[in-house]
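Colleague: Sequence first, predicted coordinates after that:
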Amino acid sequence: MTQDIKQQDVLDAPFMKEMMNTTYDMWKLGWDELNGGNISYLLKEEEVRSYFDLNQVKRTISLDFPVIELANQYFLVTGSGKFFRKIIENPEECLAVLRVTSDGESVELLWGLSDGGRPTSELASHFMSHIVRLKHDPNHRVIMHTHATNLIAMTFTHELDEVQFTRTLWQMCTECLVVFPEGVGILPWMVPGTSEIGKATAEKMNEFRLAIWPHHGIFGAGESIDQVFGLIETVEKAAKVYNLVNAHPDGVKQVITDQQLIDLAEAFHVNPPKKYFS
């Protein structure tokens, strides 16, 4: 009986509800088919302590890479091979609450992965990006990877140059420059689930909160699940507009001009890098 009450308390945690609802929304949007996509959410110890006995470790999972910078930090993460559409139905099997060990060599499972599963296969990319983003933003908490449909399509038809790609996105929707004034980073195509793509993504996170994996998806970083979801949603909307207008038989007749973008930046007090303006 005590365990049932404890379980109910866990599922009522705000961070758990955020993860369950957002992953289901991402699936409904068609971004996370099958077991595609993954999220990691940096939790504060006081949040975790309210729902878990921190002395009860279910098992320890070794990492292929040291993350001493994240020692003793807590994370809520999606599991490897788990379907986003199933998380809301069976969170204890599909999610995990982890604590990085003091030496940064392993993670301790405090809750979840009840079927013996493992954390997301992109854990390397997530942890490396968390480390970098925390250096730039002490309030950073979330890394989100998803297969945003229109953005993937755009990577097949648009030049994969960060400046040109960013400018095109800004020109598609007025709010884009305001939402991501630093632009978007773009990696070359790489095999997912490796330390190599994790390192390359983290390097982009020094400059951007959004890193595009061509023909695959996007990585986003931010201070909350809502913020990162909104970032990606805005990029996806701009990509959809780009795909629609470029499919028009008469082509594009006008876009937001450089001067209009500059005026927009001044009006909303954002400072996009000068490299984006010819």
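Modeller: Great, that's in hand. The structure displayed is predicted, hence computed values, not measured ones.

Colleague: Lowest-scoring secondary structure element of this protein by mean pLDDT?
Modeller: Every helix and strand in the chain was compared by mean pLDDT, DSSP states H and E; the lowest is helix 2-11, with a mean of 56.

Colleague: Kindly export whatever helix or strand comes next after it (C-alpha atoms) in CSV.
Modeller: Under the assignment DSSP states H and E, the closest C-terminal helix or strand after helix 2-11 is helix 14-28. Written as CSV, here are the backbone C-alpha positions of helix 14-28 (Å, rounded to 0.1, in the frame of the first residue of the first chain):
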residue,chain,number,x,y,z
PRO,A,14,5.1,18.8,-11.9
PHE,A,15,8.3,17.7,-13.7
MET,A,16,6.7,14.3,-14.4
LYS,A,17,3.5,15.8,-15.7
GLU,A,18,5.5,18.1,-18.0
MET,A,19,7.4,15.2,-19.4
MET,A,20,4.4,13.0,-19.9
ASN,A,21,2.2,15.6,-21.5
THR,A,22,5.0,17.1,-23.8
THR,A,23,6.2,13.8,-25.1
TYR,A,24,2.6,12.9,-26.0
ASP,A,25,2.1,16.3,-27.7
MET,A,26,5.3,15.7,-29.7
TRP,A,27,4.0,12.3,-30.8
LYS,A,28,0.7,13.8,-31.9
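
Colleague: what angle separates the helix or strand following helix 14-28 from helix 14-28?
Modeller: Following helix 14-28 in sequence order, the next helix or strand is strand 38-43 (DSSP H and E). Inter-element angle recorded for strand 38-43 and helix 14-28: 160 degrees (by axes from the mean of the first three to the mean of the last three C-alpha atoms, to 10 degrees).

Colleague: can you give me the offset of strand 38-43 from its chain's centre?
Modeller: From the chain centre to the centre of strand 38-43 is a distance of 8 Å (C-alpha atoms, centre = their mean, to the nearest Å).

Colleague: ok, and what's touching it?
Modeller: If you take C-beta atoms under 8 Å, 6 or more residues apart in numbering as the criterion, strand 38-43 is touched by 15, 18-19, 22-23, 73-78, 97, 120-123, 126-127, 130, 140-145, 225. The way it works is simple: take the backbone N, C-alpha and C, and place the C-beta from them, glycine included.

Colleague: That one: partners in the sheet, and parallel or antiparallel?
Modeller: strand 74-78 (antiparallel), strand 142-146 (antiparallel) (DSSP bridges).

Colleague: then that strand to PDB, C-alphas only?
Modeller: Extracted C-alpha coordinates of strand 38-43, given in PDB (Å, rounded to 0.1, in the frame of the first residue of the first chain):
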ATOM      1  CA  ASN A  38      14.600  11.900 -26.500                       C
ATOM      2  CA  ILE A  39      14.500  14.400 -23.600                       C
ATOM      3  CA  SER A  40      16.600  15.000 -20.500                       C
ATOM      4  CA  TYR A  41      15.500  17.300 -17.800                       C
ATOM      5  CA  LEU A  42      17.900  18.500 -15.100                       C
ATOM      6  CA  LEU A  43      16.200  18.400 -11.700                       C
END
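
Colleague: Can you give me every residue that contacts residue 231?
Modeller: Here residue 231 is in contact with 179-180, 209-210, 220, 222 (criterion: C-beta under 8 Å, 6+ apart).

Colleague: next one: residue 239
Modeller: So residue 239 contacts 148, 150-151, 153-154, 169, 172 (C-beta under 8 Å, 6+ apart).

Colleague: Mind telling me what element it is part of?
Modeller: helix 225-246.

Colleague: That helix relative to strand 38-43, how many degrees between them?
Modeller: Going by the same axes, to 10 degrees, helix 225-246 makes 150 degrees with strand 38-43.

Colleague: residues of helix 225-246 that come out buried?
Modeller: 225, 227-229, 231-243 (16 or more other C-beta atoms under 10 Å).
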